[in-house]
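Engineer: Would you be able to build a 3D model of this:
(chains A and B)
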Amino acid sequence: GNSVTQMEGPVTLSEEAFLTINCTYTATGYPSLFWYVQYPGEGLQLLLKATKADDKGSNKGFEATYRKETTSFHLEKGSVQVSDSAVYFCALSTGGFKTIFGAGTRLFVKA
Amino acid sequence: EAGVTQFPSHSVIEKGQTVTLRCDPISGHDNLYWYRRVMGKEIKFLLHFVKESKQDESGMPNNRFLAERTGGTYSTLKVQPAELEDSGVYFCASSQETGQGARETQYFGPGTRLLVL
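Structural biologist: As a prediction, the model looks like this:
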């Protein structure tokens, strides 16, 4: 079946460090891929998405590239800030309305 | 514009009791979804409404869970009777109907944290 696997957290970084959160997926067909972020006390927000192979999604300094050959959609940011501390969820959709999420990765950024 | 709201934010109940969660979607959004995150694991799809109709309830765990969306506006999710394994965070989301399915941006509420003792 369809599934998403992302690196376990928590991830702890110092401010201005480089961030990578790994995400791989298993899916039939050609899924759309998403990264969601949940800040403390808030709901999930769509951070970025990519709908076909080699697409790069980007937002707020975060990027992720849809790699079909490695079935991956790793999240990266060149310089993290304390305000980026949150839980990040990788997700996919193969059509229809169902979104499949990973387990989430908690990021702590220290000043 | 108001976002998706959920009530209550937290609920602590005893095993065997009944709890009803409410979700108010963004005005004008025909699609409404319920998801659940248990014990820090992945967020799992429960069901999807289009207006007042259930389109997909394949994720509902069992018949102790009942979701309704009368009039196609707000939705309720009732758990009766609650069991220990029902503890978790219940998220609601809504989206416009544009024919893009899950590719259309879903807007999530803050979740209801349910603890069954």
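Engineer: which other helices and strands contact the helix-or-strand element of chain B with minimal mean pLDDT?
Structural biologist: One helix or strand of chain B scores below all others by mean pLDDT, DSSP states H and E: strand B:107-108, with a mean of 88. In terms of contacts (3 or more CB pairs under 8 Å, 6 or more residues apart in numbering or on different chains; DSSP states H and E), strand B:107-108 is packed against strand B:88-95. All C-beta spots, glycine's among them, are computed from the backbone N, C-alpha and C.
Engineer: Name the residues that touch the strand it packs on?
Structural biologist: Residues outside strand B:88-95 that contact it (CB atoms under 8 Å, 6 or more residues apart in numbering or on different chains) are A:43-44, B:4, B:6, B:21, B:23, B:25-26, B:29, B:31-39, B:43, B:46, B:75, B:77, B:104-109, B:111-114.
Engineer: which one is residue A:2 nearest to, not counting chain neighbours?
Structural biologist: Once flanking residues are discounted, residue A:2 sits nearest to residue A:27: 4.6 Å by CB to CB, 6 or more residues apart in numbering or on different chains.
Engineer: Surely that neighbour touches residue A:92?
Structural biologist: Yes: the pair residue A:27 / residue A:92 is scored as a contact, 5.7 Å apart, by CB atoms under 8 Å.
Engineer: mind checking how far the residue lying closest to residue A:56 once chain neighbours are set aside is from residue A:5?
Structural biologist: In space, and not counting its chain neighbours, residue A:56 is closest to residue A:65: 4.7 Å by CB to CB, 6+ apart. In this view, residue A:65 and residue A:5 are 17 Å apart by CB to CB, to the nearest Å.
Engineer: ok, now residue A:14?
Structural biologist: Residue A:14 is 27 Å from residue A:5, by CB to CB.
Engineer: who has more neighbours, those two?
Structural biologist: residue A:5 (16 against 10; other CB atoms under 10 Å in any protein chain shown).
Engineer: residues contacting that one?
Structural biologist: A:23, A:24, A:25, A:26, A:102.
Engineer: Pull the contacting residues for the first one.
Structural biologist: The one in question is residue A:23. A:4-7, A:33, A:35, A:64, A:72-75, A:90, A:102.
Engineer: residues near residue A:4, how many?
Structural biologist: 24.
Engineer: Now the phi/psi pair for residue B:71, please.
Structural biologist: Main-chain dihedrals, residue B:71, degrees, to the nearest 10: phi 80, psi 0.
Engineer: Residue B:62 now?
Structural biologist: phi -170, psi -180.
Engineer: Could you give the number of residues near residue B:73?
Structural biologist: Counted with other CB under 10 Å, residue B:73 comes out at 13.
Engineer: mind listing what it touches?
Structural biologist: Taking CB under 8 Å, 6+ apart, one finds B:24, B:25 in contact with residue B:73.
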